[in-house]
Structure formats: C-alpha cells, structure tokens
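**Q** dropping a prediction and its sequence here:
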Amino acid sequence: MKLTVPALSLNESFVRSTVAAFCVSSSPTLEEINDIKTAVSEAVTNSIVHAYGSEKGNIEIEAILLCDCVDIVIRDFGKGIANIDEAMQPFFTTRADDERSGMGFTVMQAFVDDVKVKSEVGVGTAVSLHKRFEEVKC
C-alpha cells in the first residue's frame, strides 16, 4: 500500500486508521491493531511537528503486509534529523517551547518490534516500523 497525504494534523487519524484497516486481512489481534495505530500516529505526528513545522509538505506512507507481520515506512521530506541517536533518547525534543514530551520514538519502540530511522538534514526522514503478529493465521 502507498499513501501520500499533506503534513496536516487532521491527517494523522486518517493515516492511522488506513494503515490499521490495511492490516486487517492478516487477522491481527485488537491489541496488535492498537499497537500499530499508536506507532503510526507517533511517526506521522513527528513528521508534521518536527519535519515541517509551519511549512507545507507531504508525508508518504508505505506498508507491506505478510501473513505474520507488517512493515510500514513513514517518510517526510522536511528538515531531517542531525543526530538520530540523540533524537531517539527519551525526553529529547527540538520543540520544548511547544510542550512536547520528547517520547515519540520511545513510544514507537514500545508498540512495535523494530524501529529504524534514516535521515538526512535538509532532505527528510524515513521511519521504518516492523510489527509481528503473534498468532499466525496463514
């Protein structure tokens, strides 16, 4: 599945629901669906808030569904991340003035099995999420 949406807050819930609906054919549990929705929400919100700020841009979402897992990539073409290791630390934020908690990557890591981040300053960021489904149904 491929989806491109403008980096607007109102699209966060649309993307979350779309990715969750895409996963249904593999019969994940309700908890697994909620985990996916939470991780996707955090990744999309990070793109909206940190990659673009007040600028306009798009977010691309790609998902590949297998019978026992899903791989999701959320990509933006914004500011990029200078230091990924630092950005992935709990409570690190570039928007402290905006009451951000700095827990986006930490939340993603808590709800999926693997999170990978690739970024280039001035080019953008790709967040890859991998979620295994416990009860294989295929």
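**A** On my side now, so go ahead. Quick caveat: nothing in here was measured; it's all calculated off a predicted structure. Residues are numbered from 1 along each chain as shown.

**Q** so Phe77 makes contact with Val123?
**A** Yes - with contact defined as Cβ atoms under 8 Å, Phe77 counts as touching Val123 (7.1 Å). In short, each C-beta sits where N, CA and C put it, glycine included.

**Q** which of the two has more neighbours?
**A** More neighbours surround Phe77 than the other of Phe77 and Val123, with 18 against 13 (other Cβ atoms under 10 Å).

**Q** how about the strands in this protein?
**A** Under the criterion DSSP state E, the chain contains strands at 2-6, 58-65, 69-76, 114-120, 124-132.

**Q** and of these, who's closest to Ala51?
**A** Ala51 sits nearest to strand 69-76 of all the strands of the chain, at 4.0 Å, using Cβ to Cβ.

**Q** let's test this: name the helix or strand in this structure with the lowest mean pLDDT.
**A** When the helices and strands of the chain are compared on mean pLDDT, DSSP states H and E, helix 84-87 comes out lowest with a mean of 80.

**Q** how about that one as PDB, C-alpha atoms only?
**A** Extracted C-alpha coordinates of helix 84-87, given in PDB (Å, rounded to 0.1, in the frame of the first residue of the first chain):
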ATOM      1  CA  ILE A  84      19.400  10.200  15.200                       C
ATOM      2  CA  ASP A  85      20.900   8.700  18.400                       C
ATOM      3  CA  GLU A  86      20.200  11.800  20.300                       C
ATOM      4  CA  ALA A  87      16.700  12.200  18.800                       C
END
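
**Q** buried sites along that helix?
**A** For helix 84-87, burial by neighbour count (16 or more other Cβ atoms under 10 Å) applies to Ala87.
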